[in-house]
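Chemist: whatever this is, show me its structure:
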Amino acid sequence: REFHTSMVKKCSNCKKKQGEGVELLRCPCNLALYCGTSCQTCAWRAHKEEHGYAMKRASGGFEFACPVSSAEDLKKVIDAVRAHDKPFSMLDLFSLATRVLEGGKGIMIGGQQADAPKGPPFKEGGKLVSYGGRLWLVVVSPGEDLRNKRNADAEDQIEGAGLTGNYLSFYYGEMEWAGLNCFQVDPSRAFSVLGNKVPYRVGPNPLPKALVEGSDAARNEGAVVVARTDSADWTPLVNYLLYDSLD
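Modeler: Residues are numbered from 1 along each chain as shown. Model (predicted):
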């Protein structure tokens, strides 16, 4: 999507341009401009889900999700989150030094990056969401989606969450992580580098809007939050998978 900072300003409904006798007003989500309340009202039905999703992202950070079907699956996901949140290890520092020596491009093998740095630690807690016939664990990386704002720190914020998505898919891609910068992998085409398995990327794996609590898609597509925790204690989610999901 091209945001309004990089395109000619015009009403999102009637397409009148700024300077044609009108002063365009920006929607609070920063994804639309209107020449007046009549155009804003007329466009609301088509814009409301995009608006709600953007407002949620602007206040809640970046969601990442992984399907789980058992307590064992959940433990693997929790281990992935905790591994991501650990401070840099000596191996991480070696990878970072290598990226610097390579001009910041990372170790490239067969056109694919062969290491993955970490983004900022996740917010505490998570939720289990029933959607599309599966259970998903949804966790949140901090930071605003500053692509919708003209802010000097925008690239840093996006890069941070993008690193998180790349890290999860790079090291835990077979778990089908979905979200910003996550990608699908083909386990049968993975290859080894210095004894480490490198995933073969086959395409992006974006987060379904229905997994963002509060979006219209969550209601329209039947997504339901079945369990949640707001702390580092994952017991409520484990208990749901062990007991409640059997009801």
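Chemist: ok, the nearest residue to residue 34 once chain neighbours are set aside - contacts?
Modeler: Leaving out its chain neighbours, the residue that sits closest to residue 34 by C-beta to C-beta, 6 or more residues apart in numbering is residue 40, at 4.2 Å. (Glycine included, C-beta is placed from N, CA and C.) Taking C-beta atoms under 8 Å, 6 or more residues apart in numbering, we find residue 40 in contact with 13, 25, 27, 32, 34.
Chemist: shouldn't residue 40 be within a helix?
Modeler: Yes: counting by DSSP: H, G, I helix; E, B strand; the rest coil, residue 40 is part of a helix.
Chemist: re the thing from before, what's the ChimeraX line that selects buried ones from the contacts of residue 40?
Modeler: The ChimeraX selection below is limited to those of the contacts of residue 40 classed as buried (16 or more other C-beta atoms under 10 Å):
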select :13,27,32,34
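Chemist: among the contacts of residue 40, which are in strands?
Modeler: Cross-referencing these against strands under DSSP state E gives 25, 34.
Chemist: any idea which of the contacts of residue 40 is least confident?
Modeler: Lowest pLDDT among the contacts of residue 40: residue 32, with 79.
Chemist: who's in contact with stretch 14-28?
Modeler: Contacts for stretch 14-28 (C-beta under 8 Å, 6+ apart): 4, 8-12, 32-36, 39-40, 47, 51, 55.
Chemist: out of these, what pair is the most spread apart?
Modeler: Spatially, the most separated pair among those is 8 and 55, at 24.8 Å (C-beta to C-beta).
Chemist: so which of those two has more stuff around it?
Modeler: For the pair residue 8 and residue 55, the greater number of neighbours falls to residue 55 (19 against 9), based on other C-beta atoms under 10 Å.
Chemist: which residue ranges form the helices in this structure?
Modeler: Applying DSSP state H to the chain gives helices spanning 37-60, 71-85, 90-101, 154-172, 216-220, 235-242.
Chemist: which stretch in those helices is the model least sure about?
Modeler: For those, where the average pLDDT is lowest is helix 90-101, sitting at a mean of 54.
Chemist: looking at the contacts of residue 40, which is nearest residue 85?
Modeler: For these, the nearest to residue 85 is residue 27 (34.9 Å; C-beta to C-beta).
Chemist: could you give the number of residues near the residue lying closest to residue 74 once chain neighbours are set aside?
Modeler: With C-beta to C-beta, 6+ apart as the criterion, residue 74 has its nearest non-adjacent residue at 4.9 Å, and that residue is residue 68. By other C-beta under 10 Å, 23 other residues sit near residue 68.
Chemist: repeat for residue 220
Modeler: Residue 220, neighbours per other C-beta under 10 Å, totals 11.
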